[in-house]
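S.K.: structure for the following, please:
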Amino acid sequence: MPSGVRIIRADAPERERLERDGWVVVAHSWGAQLDARACDVDALRRLAMHAEPLGGVRPLTAADLPGILALDAATLHDYPGAEATTHTPLSVARATVSATRVAYGVVDAGGAVVAMTLLDVDLAACRAEVDFTVVARPLRGRGLGTAVKAASVLDLLESGVTTIRTGGSADNPAIIGANRLVGFVVDEQWVTLRSGGAAASEQT
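M.R.: Residues are numbered from 1 along each chain as shown. Next up, the predicted model:
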């Protein structure tokens with residue numbers, strides 16, 4: 001992380017001192033959690049059905065690797081926020097699914113992955129964490145992001161996962177709304193601050 005950037009809890013004691021010293025808040029982000037005991041399985045199934053017109057949601061496999069990489073490359077610059085929510089382009093290793101790295105997506109009739117969510121899973125700890133969720137630009141606004149999230153939660157619950165974490169930028173209302181529908185509850189608020197000089201240089 002650049003020396004002129006700090007990412008801290010929004011309620012951290014040092015925030016007031018940093019701002020007094022000239023640091024500027026340039027972005028807000030959040031973390032959220034979903035607990036199995038609070039899930040409405042029927043509601044999740046209904047949300048997953050939003051993808052049915054395009055063939056539904058399914059686990060992505062090694063055969064989908066080119067499509068995963070293609071969608072990631074096409075949407076690389078679509079993530080709002082600052083350093084806390086920067087999306088690193090997928091490498092082949094990070095895009096390859098395994099027992100601990102799972103992906104769920106919508107694949108159109110031509111074989112293109114048009115929506116996907118990737119998660120890291122620790123079955124021994126009964127936990128999972130969402131890496132990111134993305135939808136191809138022409139298909140946004142149809143509930144596909146919500147659908148892939150809902151389907152992934154249903155599958156992970158059946159696998160024994162009881163806690164799922166996620167997070168994102170406060171400037172991304174679509175994913176905030178999708179998470180709320182799926183059942184994630186925001187429990188952390190973060191701020192990204194830049195030193196006065198760094199913030200000023202970005203505006204020139």
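S.K.: mind checking which helix or strand of this protein has the lowest mean pLDDT?
M.R.: helix 196-202 (a mean of 55; mean pLDDT, DSSP states H and E).
S.K.: can you tell me the SS state at residue 50?
M.R.: helix (DSSP: H, G, I helix; E, B strand; the rest coil).
S.K.: doesn't residue 142 make contact with it?
M.R.: Yes. Look at residue 50 against residue 142 with C-beta atoms under 8 Å: they come within range, at 6.7 Å. Every residue, glycine included, has its C-beta placed from N, CA and C.
S.K.: neighbour count winner among those two?
M.R.: residue 50 (22 against 17; other C-beta atoms under 10 Å).
S.K.: find the nearest non-adjacent residue to that one, please.
M.R.: residue 143 (3.5 Å; C-beta to C-beta, 6 or more residues apart in numbering).
S.K.: and if you look at residue 166?
M.R.: Per C-beta to C-beta, 6+ apart, closest to residue 166 is residue 130, 3.9 Å.
S.K.: now do the helices in the protein.
M.R.: 14-20, 41-48, 65-74, 92-95, 144-158, 173-182, 196-202 (DSSP state H).
S.K.: want to try CSV for these, with distance to residue 164 and mean neighbour count as columns?
M.R.: Formatted as CSV, the helices of the chain follow (distance: least, C-beta to C-beta, whole Å; neighbours: other C-beta atoms under 10 Å):
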stretch, distance to residue 164, mean neighbour count
helix 14-20, 28, 13
helix 41-48, 12, 16
helix 65-74, 20, 17
helix 92-95, 19, 14
helix 144-158, 6, 24
helix 173-182, 9, 19
helix 196-202, 34, 13
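S.K.: out of the ones you listed, the one nearest residue 29 is which?
M.R.: Smallest distance to residue 29 across these (C-beta to C-beta): 10.8 Å, for helix 173-182.
S.K.: packing partners of the closest one?
M.R.: strand 24-35, helix 41-48, helix 144-158, strand 163-169 (3 or more C-beta pairs under 8 Å, 6 or more residues apart in numbering; DSSP states H and E).
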